[in-house]
Structure formats: C-alpha cells, structure tokens
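**Q** turn this into a model:
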Amino acid sequence: MLFKRTSIVLLFIAFVMFLQAQSHELVCGTLKEDLEQITLRLLQNKADLSQNPLQPRSMQYIPIKFHIVSQDDGSGMIHFRYILDQLCALNEDFAEMRIQFYMKDNCNYVRDNRINEDHYHYGYLMESDRDTSAINIWIVKTPYSPNPNAITPGLYQTSKDWLVMNKTFVNNNSFALSHEIGHFFGLLHTFNGWDTDPWKADKHGNPAPASSPLNIPTEMANGLNCRHAGDYICDTPPDYNFGFYWTTDCNYTGGARDPMGNLVNPDESNFMSYFDQCARDDYHFSSEQKYLIETDLMTNSRAYIRTGFAPLFTKIEGTVELKSPSAGTQVPYYNAVPLEWSAVAGANRYLIEIDRVPNFTLQPQSFLTADTSFTVEVLDPNRTYYWRIRPFNEYYACASTTASKLFKTGNLATATQNISQLRDWNISPNPIPRNTSAKISFNTLEGFEADLTLYNTTGQIVQHIGKQRFTPGLNTLQLTPEHLNAGIYFLRLQTNKGRLVEKIIVY
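**A** Presented below is the predicted three-dimensional model:
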C-alpha cells in the first residue's frame with residue numbers, strides 16, 4: 001500500500017533565499033563529460049524502448065547504501081532522521097514506476113575531512129567502501145561544484161556510478177536526490193544544452209538561437225524537433241534553464257520565445273528542471289521519463305542493483321509508547337541510563353534521539369537498535385534530557401516520531417553491571433593503530449552469549465560486531481576497527497546478566 005506525504009518546501013525555500021542573499025546560485029554538479037555519457041545512455045534506452053516496449057513487471061526493490069561522511073572528529077554528519085525522511089520521499093517519487101528503494105544493511109560512517117570537503121580529488125579514498133550491489137549515495141558537506149561561486153545540492157559521477165549529495169539537501173523537502181537518481185537512470189536536464197549558460201534575452205536574444213551554448217539544437221515549443229533537440233524527450237516542453245534565474249514563483253512568465261518565435265512554457269515542477277519554487281508534492285517525472293527510467297533499470301549495466309531481494313514490505317501504523325524513564329523522572333546515573341519502549345508491528349529497527357532541548361537541535365545524539373530497550377552511556381551528570389523514538393524497517397521510513405519525554409540524570413559516575421562469570425578482561429594492544437587488529441581475552445566460569453558494539457564519543461554506533469558465543473575457560477576474539485579515524489571509542493559487551501564497557505583509543 002502506498003502512502004501520501006503532505007510536505008512543503010518552506011525549509012528548502014528559506015535555504016535558497018539565504019543562498020541568494022549570499023550571492024550564490026544552486027547548480028547540479030553533474031559535469032559536462034558525465035552528461036555526455038548520460039546522453040549516449042539515454043539515446044540507447046530510447047532505441048531499446050522503441051524496439052521492445054515495456055512489459056508489465058512486478059515491483060523492483062533497489063538497495064541503497066548510504067555513506068554518511070563527517071569531519072575527522074566525527075562532527076558535521078547528517079542526522080539519521082533526515083535519511084529516513086529522504087527514503088520516505090524517494091519511494092513516493094518512484095512508486096508509479098514500480099521502483100522502491102530500501103536501505104541495505106547499516107549505513108557506512110566515514111570520518112574524513114578530505115572526503116567531506118573535497119570528494120572530487122579524494123575519490124580514491126571512497127572506492128574501497130563502494131557497495132557493488134547497491135546504489136551508493138555519499139552524503140558530504142560540500143559536493144564538487146563546476147561553478148566556484150555556486151552551491152551544489154548533489155551530483156552523479158558516471159565513472160564511479162555513484163551519487164554525492166550535499167547533506168543540507170537530503171530530506172523530504174528537497175527534490176535534489178530524486179533529480180540525481182534521474183541522472184543515474186539516464187535522464188538529462190529538461191534544459192539540456194543550456195546547463196552552463198542559462199538563457200537571458202539580453203545575452204542570447206529573443207527569439208532564442210537555433211543552437212544552445214553547448215551546440216545542442218534548441219527545442220521548439222511545437223515539438224517538431226523534440227526527438228533530436230533539448231533533452232530528446234517529447235513530453236517535456238522546452239526549457240532553456242529558466243529556473244536558474246526564476247525565483248519568483250512556480251509559474252514562469254519570462255516571455256522567452258523559441259527560434260520560431262513561439263512562446264515557451266516549461267514544466268516548472270519536473271524533477272529534472274532547476275525550478276525550486278514549486279510545492280514539493282507537485283514535482284514529477286513525465287510519462288516518457290518514467291518509461292526511460294524503467295528501461296534503464298532493466299539494462300545489463302543495472303543488473304548489479306536488481307538483486308531479487310524483497311525487503312520487509314510492511315507499513316508501520318502502530319504507535320510506540322515510551323515506557324521508561326517516565327516523564328520527569330530523575331535517574332541515579334548519568335553514564336548508564338536504560339530506556340525502554342513498546343514494540344510496534346512492522347518495525348524491526350528503532351531510531352533513538354536524545355538532546356537537552358525538546359526540539360532536538362542543540363546537541364542531538366542518535367542511536368539505532370533492533371531491540372525495544374537501550375542503555376545510553378554518554379550523557380552528562382545532573383542534566384535534563386529529552387528522548388523520543390521513531391520506528392522503521394529497511395523499506396518503510398515514513399512512520400512518525402513519538403512525542404518527547406524528559407528525564408534528569410543523576411551524579412553517580414557509573415552504573416556498569418559487573419558480569420560475575422568473567423575474569424581477566426583485557427584488550428591488547430590499546431591504543432590500537434588504525435586498521436590493526438586487537439585481541440580481546442578473558443576467562444569465564446560458564447558459557448554465555450554476548451553482543452559487542454563499538455561506539456564513538458557522541459554515542460553513535462560505528463561498528464556492530466554482533467552476537468558472540470563464549471565457552472568456559474579462556475576466550476579470545478579479534479577486534480579490527482573498520483575504517484576508523486584516530487580517536488576515542490567505547491566497546492560494549494552486553495549480556496543478559498550485565499555489561500562491560502571498555503575505552504579504546506585508535507591512533
């Protein structure tokens with residue numbers, strides 16, 4: 001069952017207005033050489049579609065691997081709630097094409113200033129993390145911009161076959177990711193040919209010239225040359241990149257005329273345009289664009305994302321109840337606060353958010369778990385905190401977040417429960433050199449099962465080692481901090497009889 005989202009673009013418009021006040025422009029970062037490769041792909045897909053019309057098919061579930069990038073110290077990463085908002089929006093945008101996306105495994109967290117600020121020149125650092133059976137989406141601070149004075153919401157790199165998104169534009173208000181996925185599936189801008197030099201009457205003339213600045217035939221308003229001009233698609237009307245300058249509203253009245261002197265009336269709410277003043281729910285792909293996306297998905301080069309896997313396809317309609325701590329409670333400890341909530345049908349994951357203010361904008365901390373309880377170990381003493389829960393599964397990300405509740409931490413320094421059956425707990429070496437294994441060793445009086453998780457200092461899970469079975473006597477386990485930068489981390493060993501937390505330093 002598909003679901004209706006009512007969202008508006010107020011936040012997005014506010015950000016655009018801010019950028020305009022700073023004399024910046026917004027441009028798609030997909031480069032000219034990439035657009036040339038997309039053009040070849042588009043024309044081949046058109047030829048294939050004309051020879052082999054689309055046949056009815058079942059829903060295609062496409063995996064997405066999100067790579068969340070931050071600074072070296074872990075700061076500046078996108079909050080996970082925006083990832084859920086974005087996934088919800090994507091699935092609505094592509095539903096009519098019988099395409100739905102789901103999160104593959106856990107997000108990949110990368111702490112690297114170079115990738116975050118200049119991925120274009122440090123792409124080689126990203127290649128080892130590329131998932132070969134998913135659409136890879138990198139979320140960074142500053143995607144590469146072909147215009148040094150412009151802000152790039154996102155781009156598609158054909159050589160890497162991945163997307164790089166500006167974290168500010170990953171949410172359910174912006175249409176930037178749907179635009180870039182359109183490129184991924186072989187679509188051009190509706191204003192193809194005018195990408196780098198938007199039409200202006202005083203510069204290009206009115207009527208417009210027969211060829212665009214990139215020497216592509218200018219599309220006519222009557223559609224006579226639509227198959228060989230502009231974006232090569234006939235049900236998208238001419239657009240000479242009017243949206244680049246048009247910030248008034250969603251109704252272009254700039255008076256541009258095509259080379260034959262006819263007024264041009266663009267589709268302002270097409271995903272592949274640059275108009276950003278329309279209501280978010282009005283953005284769409286044209287019928288022919290949809291057919292071409294579906295055609296591209298079924299090509300051999302896209303076989304790697306057609307995995308055949310069907311995720312948990314359940315709409316979450318129930319309500320999570322926050323059980324403990326109850327509202328206003330003061331807990332005795334600050335570094336081990338147990339949270340508990342009710343399960344909800346369809347959810348197999350929960351997003352926990354904690355902050356010192358009720359709107360979660362000061363210092364929000366996020367945790368992910370498959371359970372209905374979680375112990376937070378990175379809070380300050382004698383503070384008021386607010387917490388809330390959002391249920392989701394790998395496919396359905398549109399469930400509502402609960403109302404928040406507050407609690408107060410105490411001033412006791414530790415509430416870590418000792419595990420009585422353990423002896424001689426040791427991690428060696430510690431500190432650990434990057435990408436080097438350490439050995440965890442201990443003696444136990446009886447067998448038990450434990451879950452091991454590695455956290456950073458902001459409380460985010462950076463590596464879930466998973467459940468391990470230990471036997472009586474000496475036990476050893478190799479720990480390799482995967483892709484971690486230098487810093488302090490916490491290894492938690494959780495059992496049904498208690499837990500241990502050990503600080504680990506990576507250098």
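
**Q** excluding its backbone neighbours, what's nearest the residue most central in space within the chain?
**A** When CA atoms, centre = their mean is applied to the chain, the residue found nearest the centroid is Ile83 (4.5 Å). Ranked by CB to CB, 6 or more residues apart in numbering and with sequence neighbours excluded, the top spatial neighbour of Ile83 is Phe66, at 5.8 Å. (Glycine included, C-beta is placed from N, CA and C.)

**Q** phi, psi of the one you found?
**A** Summarising the backbone geometry of Phe66 under the convention degrees, to the nearest 10, its torsions are phi -90, psi 130.

**Q** domains of the chain?
**A** Listed by automatic domain parsing, the domain ranges of the chain are 28-51+59-186+285-308, 188-283, 322-408, 422-506.

**Q** can you tell which of the ones you listed is closest to Thr314?
**A** Nearest to Thr314 among the domains of the chain is domain 322-408 (3.6 Å), distances taken as CB to CB.

**Q** start to end distance for that closest one?
**A** Here the two ends of domain 322-408 are set 15 Å apart, with distance taken as CA to CA, to the nearest Å.

**Q** distance from the chain centre to that domain, please.
**A** Domain 322-408 has its average C-alpha position 21 Å from the chain's average C-alpha position, going by CA atoms, centre = their mean, to the nearest Å.

**Q** let me see the mean pLDDT of that domain.
**A** Per-residue pLDDT values over domain 322-408 give a mean of 93.

**Q** how far does stretch 397-415 sit from the chain's center?
**A** With CA atoms, centre = their mean as the basis, stretch 397-415 stands 25 Å off its chain's centre.

**Q** and if you look at stretch 109-128?
**A** A distance of 16 Å separates the C-alpha centroid of stretch 109-128 from that of its chain, computed with CA atoms, centre = their mean.

**Q** got it, and stretch 473-487?
**A** That offset, for stretch 473-487, works out to 28 Å (CA atoms, centre = their mean).

**Q** ok, stretch 469-478 next?
**A** Stretch 469-478 has its C-alpha centroid displaced from the chain centroid by 38 Å (CA atoms, centre = their mean).

**Q** what about that stretch, how long is it end to end?
**A** Here the two ends of stretch 469-478 are set 14 Å apart, with distance taken as CA to CA.

**Q** mind listing residues that contact that stretch?
**A** By CB atoms under 8 Å, 6 or more residues apart in numbering, the residues outside stretch 469-478 that reach it are 437-450, 452, 468.

**Q** cool, stretch 436-452 as well?
**A** Outside stretch 436-452, the residues within contact range by CB under 8 Å, 6+ apart are 419-430, 432, 465-481, 491-497, 504.

**Q** mind checking which of the residues you listed are in strands?
**A** Where those overlap with strands, as defined by DSSP state E, the overlap consists of 422-428, 465-470, 473-479, 491-495, 504.

**Q** report the secondary structure state of the residue nearest to the centre of the chain.
**A** Going by DSSP: H, G, I helix; E, B strand; the rest coil, the secondary structure assigned to Ile83 is helix.

**Q** need the pLDDT of it.
**A** For Ile83, the predicted pLDDT is 97.

**Q** quick one on the thing from earlier: ok, now which ones touch the residue nearest to Ile83?
**A** 83, 103, 107-108, 137, 139.

**Q** so which of the residues you listed is surrounded by the most neighbours?
**A** Counting by other CB atoms under 10 Å, Ile139 has the largest number of neighbours within those, with 28 neighbours.

**Q** my guess is it contacts His67, does it?
**A** Yes: here Ile139 reaches His67: they are 6.7 Å apart, a contact under CB atoms under 8 Å.

**Q** and stretch 167-174, end to end?
**A** Between the opening and closing residues of stretch 167-174 there is a gap of 11 Å (CA to CA).

**Q** pLDDT on that stretch, on average?
**A** Model confidence over stretch 167-174 averages 97 on the pLDDT scale.

**Q** distance from the chain centre to it, please.
**A** Its chain's average C-alpha position is 9 Å from that of stretch 167-174, according to CA atoms, centre = their mean.

**Q** can you check stretch 235-242 too?
**A** From the chain centre to the centre of stretch 235-242 is a distance of 29 Å (CA atoms, centre = their mean).

**Q** in it, which residues are buried?
**A** In terms of neighbour count (16 or more other CB atoms under 10 Å), stretch 235-242 has its buried residues at 236-242.

**Q** and which of these is nearest Leu322?
**A** Out of those, the one with the shortest distance to Leu322 is Thr236. That distance is 47.8 Å, counting by CB to CB.

**Q** now do the contacts for that closest one.
**A** If a contact means CB under 8 Å, 6+ apart, then Thr236 has 190, 230, 267, 270, 272, 286, 288-289 as its contacts.

**Q** in TSV, list those along with neighbour count.
**A** Rendered in TSV, the data for the contacts of Thr236 read as follows (neighbours: other CB atoms under 10 Å):
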residue	neighbour count
Thr190	29
Gly230	27
Asp267	20
Asn270	30
Met272	25
Ser286	20
Glu288	18
Gln289	24
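
**Q** and the helix or strand Glu117 falls within, what does it pack onto?
**A** Using DSSP states H and E, the element containing Glu117 is helix 113-118. Taking 3 or more CB pairs under 8 Å, 6 or more residues apart in numbering; DSSP states H and E as contact, the helices and strands that helix 113-118 lies on are strand 60-70, strand 135-140.

**Q** just give me the neighbour total for Gly193.
**A** 23.

**Q** hmm, it is touching Ala208, no?
**A** No: using CB under 8 Å, Gly193 and Ala208 do not qualify as a contacting pair, with a distance of 10.5 Å.

**Q** which residue ranges form the strands in the stretch 51-200 of the chain?
**A** Assigned by DSSP state E, counting those that start in this stretch, the stretch 51-200 of the chain shows strands spanning 60-70, 99-103, 108-111, 135-140, 150-151, 154-157, 162-166.

**Q** revised request: answer the last question for the stretch 301-450 of the chain.
**A** In the stretch 301-450 of the chain, the strands defined using DSSP E, counting those that start in this stretch lie at 322-324, 329-330, 337-341, 349-355, 365-369, 373-376, 384-392, 405-408, 422-428, 438-444, 448-456.

**Q** nearest residue to Leu339 in space, please, no chain neighbours.
**A** Spatial nearest neighbour of Leu339, chain neighbours left out: Phe374 (5.1 Å); criterion: CB to CB, 6+ apart.

**Q** helices of the chain, start to end?
**A** In chain order, the chain shows helices spanning 10-21, 32-51, 80-93, 113-118, 176-184, 201-204, 287-297, with DSSP state H as the criterion.
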